[in-house]
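1. Could you work out the structure for the sequence below:
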Amino acid sequence: MTLAFLDLLPILLVFVFYFLGMPIVYSLFGSTFFYFLFIDTTSQPWLILQKVMNSTQSFSMLAIPFFIMSGSVMNFGGISDKMMDFCECVTGHMRGGLAQVNVLLSMLMGGCSGSANADCAMQSKMLVPEMEKRGYSKAFSAAITAASSAATPVIPPGVNLIVFTLIAQASLGRTFAAGYVPGILMSIAMMITTAIIAKKRNYPKTRDKLPPAKVILKQGLTSFWGLFFPFGIILGMRFGLFTPSEGGAFAVLYCCIIGKFVYKKLRFREHLIPILLDTIAGTSSVVLIMVSANVFGNYMSWINLPKIVAAAILDMTSNKYVFMMLCNVVLLIMGMFLEGGAALMIITPLLLPVARTLGVDVYHFGLVAIVNIMIGGITPPFGSMMFTTCGITGCPISEFLKEVWPFIVCLLLVLLLLTFCPVLITIVPDLLYGAAG
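-> Numbers count the residues shown, from 1 in each chain. Take a look at the predicted model:
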């Protein structure tokens with residue numbers, strides 16, 4: 001089966017609208033409505049509006065605002081600061097200590113913000129100025145901040161993990177568990193890269209030597225409540241204490257209690273409105289992208305594009321690793337141009353059925369896709385974390401690109417490792433939940 005040019009016109013329009021400066025949400029909506037209003041008029045427009053409303057009627061989507069809110073509460077409640085103190089304690093003795101803190105904090109912040117853009121925005125304000133004071137160049141500081149934030153959505157409870165679970169109709173607990181090893185590998189690779197660059201440029205340490213075990217243990221106990229957060233969520237879902245949505249609500253309550261009564265930095269009169277505004281802003285952007293991509297997915301299903309793509313790929317290869325490499329190329333390119341959530345929402349319905357046909361594990365495909373898209377987020381021409389970091393720090397993009405390429409290379413090596421070693425992704429879910437049937 002082949003498609004006429006007019007059937008594919010909305011896909012072209014998405015990119016045309018996007019490159020003209022229209023937000024991706026309106027690009028997806030506009031191209032979809034254009035198709036059903038002017039090209040294929042056999043479907044009533046109100047059915048598309050009904051699809052818009054139905055896309056928001058998912059109880060599981062409640063997990064998104066709850067986890068976004070918990071990240072905001074952690075920032076205002078001082079939990080993030082305690083986590084940064086722990087990171088500095090562990091990595092401050094390394095060459096380029098503050099850059100290492102940047103990477104380690106991003107990994108731990110996966111349990112807080114769950115969003116790459118939120119993480120790089122926070123660290124651009126918090127760490128980049130301090131790095132510049134201690135002799136790091138602005139370009140390097142911005143590059144490590146953007147690159148390290150790529151690991152944030154891979155560590156539970158990253159928002160993209162929730163988005164993928166909703167699309168794939170998979171287990172959120174398994175998806176969360178599958179994110180640990182890839183996220184940790186990404187962080188280790190960036191820490192090694194940072195160490196090599198820091199040694200070559202003689203970047204400073206923040207501590208003369210590694211603190212005694214007693215000092216690290218003391219700081220670990222002080223920071224325990226933040227460090228325990230992502231693991232507590234996983235364990236709670238594993239043992240049936242709460243559903244994913246209830247886990248999000250529990251996360252907010254947990255962070256409020258710790259911020260208010262343990263660290264005593266959360267002041268509801270002062271912080272409640274900023275927390276609500278952060279939550280509304282974060283949730284609206286994610287949910288709008290999900291709804292618009294869902295509606296666009298309805299158009300793709302209408303023209304049978306997923307089946308046509310599946311047939312074309314299966315004609316090209318029946319080897320699942322060749323298929324995964326093809327996916328890597330497509331996803332990296334999409335990640336360079338589209339916001340991560342939108343790219344994930346568009347590509348998953350197209351490629352996941354093929355992955356299942358070829359015997360690729362759902363969670364293997366999902367984590368490889370998310371890592372792909374996150375790498376695209378720091379890659380020109382339109383990487384979202386690149387623009388976020390450069391916009392906040394005032395770093396010229398040309399200078400940023402000179403510094404970020406070693407981190408892109410190391411992340412691509414991790415991506416290849418994850419592609420060809422699916423056990424790295426499935427081992428934790430299988431240990432916690434048993435082998436998938």
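2. Tell me where the stretch 201-350 of the chain has helices.
-> 213-222, 224-238, 244-257, 268-302, 305-316, 320-337, 340-357 (DSSP state H, counting those that start in this stretch).
3. Please name every helix or strand in contact with the fourth one.
-> Spelled out, it's helix 268-302. helix 5-19, helix 24-34, helix 45-54, helix 63-76, helix 159-168, helix 340-357 (3 or more Cβ pairs under 8 Å, 6 or more residues apart in numbering; DSSP states H and E). In short, each C-beta sits where N, CA and C put it, glycine included.
4. Alpha carbons of the fifth one, as PDB, please.
-> What follows is the C-alpha trace of helix 159-168 in PDB, where atoms were taken according to Å, rounded to 0.1, in the frame of the first residue of the first chain:
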ATOM      1  CA  VAL A 159       8.300  12.200  33.000                       C
ATOM      2  CA  ASN A 160       9.300  10.500  29.700                       C
ATOM      3  CA  LEU A 161       9.200   7.200  31.500                       C
ATOM      4  CA  ILE A 162       5.600   7.900  32.400                       C
ATOM      5  CA  VAL A 163       4.800   9.100  28.900                       C
ATOM      6  CA  PHE A 164       6.200   5.900  27.300                       C
ATOM      7  CA  THR A 165       4.300   3.700  29.800                       C
ATOM      8  CA  LEU A 166       1.000   5.400  28.900                       C
ATOM      9  CA  ILE A 167       1.600   4.900  25.200                       C
ATOM     10  CA  ALA A 168       2.900   1.400  25.400                       C
END
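5. How far off centre is that helix?
-> Chain-centre distance of helix 159-168: 10 Å, with Cα atoms, centre = their mean, to the nearest Å.
6. what's the angle from that helix to helix 244-257?
-> Counting by axes from the mean of the first three to the mean of the last three Cα atoms, to 10 degrees, helix 159-168 lies at 160 degrees to helix 244-257.
7. With distance to T91, mean pLDDT and mean neighbour count as added columns, please give the helices and strands packed on helix 268-302 in a markdown table.
-> Shown next, in a markdown table, are these (distance: least, Cβ to Cβ, whole Å; pLDDT from 0 to 100; neighbours: other Cβ atoms under 10 Å):
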| stretch | distance to T91 | mean pLDDT | mean neighbour count |
| --- | --- | --- | --- |
| helix 5-19 | 39 | 85 | 16 |
| helix 24-34 | 36 | 86 | 21 |
| helix 45-54 | 46 | 73 | 12 |
| helix 63-76 | 20 | 81 | 26 |
| helix 159-168 | 26 | 84 | 25 |
| helix 340-357 | 27 | 83 | 23 |
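8. List the contacts of the residue nearest to K260 when sequence neighbours are not counted.
-> Nearest residue to K260, sequence neighbours excluded (Cβ to Cβ, 6 or more residues apart in numbering): L266, at 4.5 Å. Counting by Cβ atoms under 8 Å, 6 or more residues apart in numbering, L266 makes contact with 73, 76-78, 256, 259-260.
9. can you list the weak-confidence ranges in this protein?
-> 1-2, 55, 58-60, 109-115, 117-118, 339-340, 381-382, 436-437 (pLDDT under 70).
10. what's the spacing between the most centrally placed residue in it and G183?
-> With distances taken as Cα atoms, centre = their mean, P153 lies nearest the centre of the chain, 2.7 Å away. For P153, the distance to G183 equals 9 Å [Cβ to Cβ, to the nearest Å].
11. Report the distance from stretch 188-198 to the chain centre.
-> Worked out by Cα atoms, centre = their mean, stretch 188-198 lies 21 Å from the chain centre.
12. quick one on the thing from earlier: dump the helices and strands packed on helix 268-302 to a markdown table, plus distance to P129.
-> Below are these laid out as a markdown table (distance: least, Cβ to Cβ, whole Å):
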| stretch | distance to P129 |
| --- | --- |
| helix 5-19 | 32 |
| helix 24-34 | 30 |
| helix 45-54 | 42 |
| helix 63-76 | 17 |
| helix 159-168 | 27 |
| helix 340-357 | 26 |
